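*Asks:* Got a sequence here, can you model it:
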Amino acid sequence: MENIKLSYGQCTAEIQLKGAQIASFKGADGREVIWQADPNVWAQHAPVLFPICGSVKDNQISIDGQVYPMNKHGFTRNPVFQVAKQGEDFVELILTPTEESKPMYPFDFVFHVTYTLLENGFTTTFLVENRSDKVMPFCVGGHPAFVCPMEEGAAFTDYQLVFPQVEDGRNSLAPGGYLIDGYEYLPEFHNSDTLPLRHELFDSHDALIFTNLKSRSVKLVHKDTGKGIHFTFPKMEVLAVWSMPNKHADYVCLEPWHGMPGQVTESGRFEDKPFVTLLQPGQCYKTWYTTTLI
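*Replies:* Below is the predicted model:
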C-alpha cells in the first residue's frame, strides 16, 4: 500500500493509510524526525488513539449498562482509512465503523485525521463526528514517536523536555502500561520546568503520565545546542511520555491525550472516565497538536 506523500517548501512527509499514521517528516535540513518503526523494538510510527487512550479495566467498557470489549488505545491501528480530501501539503483521512469496531463501540461515527504541513513542521488534527441518535462518549489522542537523539554524535541523555511553566512533576503510575494505580512526584521534575531524559525512567515506570500540567506545550531539545522540536497541544489535558521499556532505543513518544487510561478504582462506566467527552447527536469535536522543528 502506497503512502500519501506531502510537501511544503523544503519539508516532506509520508502518511500511511493503514492506521492514519505519519510515517516520515523531514524538515528543511533533511533530517528525519519520526521513528522508523523498527520491528525489533516497536513497529509503529505514530498511532492515533480512538475512542480510548491507554488501557481499560478488564479490557472492557460499560456504556448504558452494556459491556463491550475494548483494546488498549482503541481500534484505529489496523484499519485502512479513506482519503476524504488531499492537496500538495495536506491530507484528510476518515474512518467509519468497521467489522472490528462494531462489537466494541456501538455508535455511528466518523473519525477524521488531518495532517497539514507548515513552514518547518506539521499539525495533526482530530475531528470526531457523532452520527448516532444518542450521546456518544469518547476519548481521542496522539502517540507520535520522535527520533532521539536528533543530532549526529548526541546521546539520548543529552535531551530534555522543557516546559514553559514550572510543573509539580506529578506522574500517574501505570505499572506495566496497564491501569493507573496511584501517583508520585518525579524527583527530577518536581517544581521544575525541565525533565532530563534517561532510559531508566521508562524501564521503571513504562509511560510517564502527566494529568495536571499547567503547560500546553513542551520542547524536546538537546541540552547544549537547543535543537529539537517544539510540541504544542492546546486542547489536550494529558501528556504521556514513553519509550519501550528495556529496549533503550533512539526514540521518545510525546502523547497528547483527551482522555486517560483506566484506573484501578474506577467504575468501568465509559461516561465516568476522566476527560471523556459526551458528544451530542449530530455534533462534532475538534482538537489538534503541532510539531515544529527548532
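*Asks:* Which element, helix or strand, includes the nearest residue to residue 135 once chain neighbours are set aside?
*Replies:* Once flanking residues are discounted, residue 135 sits nearest to residue 278: 5.2 Å by CB to CB, 6 or more residues apart in numbering. Glycine gets a C-beta too; all of them are placed from N, C-alpha and C. Using DSSP states H and E, residue 278 sits in strand 277-279.
*Asks:* helix or strand right after that strand?
*Replies:* Past strand 277-279, the next helix or strand by DSSP H and E is strand 284-293.
*Asks:* Tell me the helices and strands packed up against the strand holding residue 278.
*Replies:* Contact here means 3 or more CB pairs under 8 Å, 6 or more residues apart in numbering; DSSP states H and E; on that basis strand 277-279 packs against strand 121-130, strand 136-138.
*Asks:* Okay, now the sheet partners of the first one, with direction.
*Replies:* Same thing as strand 121-130. strand 109-117 (antiparallel), strand 284-293 (antiparallel) (DSSP bridges).
*Asks:* On the three-state scheme, residue 71 is what?
*Replies:* When classified by DSSP: H, G, I helix; E, B strand; the rest coil, residue 71 comes out as coil.
*Asks:* Might you report the residue contacts of it?
*Replies:* Taking CB atoms under 8 Å, 6 or more residues apart in numbering as the criterion, residue 71 is in contact with 52, 59, 104.
*Asks:* follow-up on the earlier one: mean pLDDT added to the strands paired with strand 121-130, as JSON lines?
*Replies:* What follows is the strands paired with strand 121-130, written out as JSON lines (pLDDT from 0 to 100):
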{"stretch": "strand 109-117", "mean pLDDT": "98"}
{"stretch": "strand 284-293", "mean pLDDT": "98"}
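*Asks:* For residue 166, find the nearest of these.
*Replies:* For residue 166, the closest of the strands paired with strand 121-130 is strand 284-293, at 22.1 Å, according to CB to CB.
*Asks:* what's the distance between that closest one and the middle of its chain?
*Replies:* 11 Å (CA atoms, centre = their mean, to the nearest Å).
*Asks:* Residue 214 touches residue 165, doesn't it?
*Replies:* Yes. The criterion here is CB atoms under 8 Å, and residue 214 meets it with residue 165 at 4.4 Å.
*Asks:* just to revisit the earlier point, looking at the helices and strands packed on strand 277-279, which is buried most?
*Replies:* The highest mean neighbour count among the helices and strands packed on strand 277-279, using mean count of other CB atoms under 10 Å, belongs to strand 136-138: a mean of 24.
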